[in-house]
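**Student:** sequence first, then the predicted structure:
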Amino acid sequence: MPASSSCLEVPAASRAAAVWRRFFATVLAEPTRNVEDEIAEYLERHQYDLSPALRIELERRHMGA
């Protein structure tokens, strides 16, 4: 017996629940780290290993961002 297209459709309430589940999973998920974050943390941890001129330039760029 062939299935009609109406039998294969997901009920609207079920689709809405799935959308909300994906939305909350995305919102509550931990943010992904990117390379820029890792570089910024590294420079912050090792700021006193850098030359004064480089520290000044990095601070100047950070204040402008």
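**Tutor:** Received it, and whenever you're ready, just let me know what you need.
**Student:** next helix or strand past the one helix or strand Arg22 maps to?
**Tutor:** According to DSSP states H and E, Arg22 maps onto helix 12-28. Toward the C-terminal end, the helix or strand that comes next after helix 12-28 (DSSP H and E) is helix 35-45.
**Student:** in that following helix, what's buried?
**Tutor:** For helix 35-45, burial by neighbour count (16 or more other Cβ atoms under 10 Å) applies to no residue. C-betas here are computed from N, CA, C, even on glycine.
**Student:** and it, what's its mean pLDDT?
**Tutor:** Averaging pLDDT along helix 35-45 gives 86.
**Student:** using CSV, write down the CA coordinates of it.
**Tutor:** Output of helix 35-45 as CSV, limited to C-alpha atoms (Å, rounded to 0.1, in the frame of the first residue of the first chain):
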residue,chain,number,x,y,z
VAL,A,35,42.3,31.5,16.9
GLU,A,36,41.9,35.2,17.7
ASP,A,37,40.7,34.4,21.3
GLU,A,38,43.7,32.0,21.8
ILE,A,39,46.2,34.6,20.5
ALA,A,40,44.7,37.3,22.7
GLU,A,41,44.9,35.1,25.8
TYR,A,42,48.5,34.1,24.9
LEU,A,43,49.6,37.8,24.5
GLU,A,44,47.8,38.7,27.7
ARG,A,45,49.6,35.9,29.6
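**Student:** going forward, count from 26.
**Tutor:** In the new numbering, first residue 26, that becomes helix 60-70.
**Student:** contacting residues around that helix?
**Tutor:** For helix 60-70, contacts defined as Cβ atoms under 8 Å, 6 or more residues apart in numbering pick out Leu75, Leu83.
**Student:** and it, how far out from the chain's middle?
**Tutor:** Centroid separation for helix 60-70 versus its chain: 16 Å, with Cα atoms, centre = their mean, to the nearest Å.
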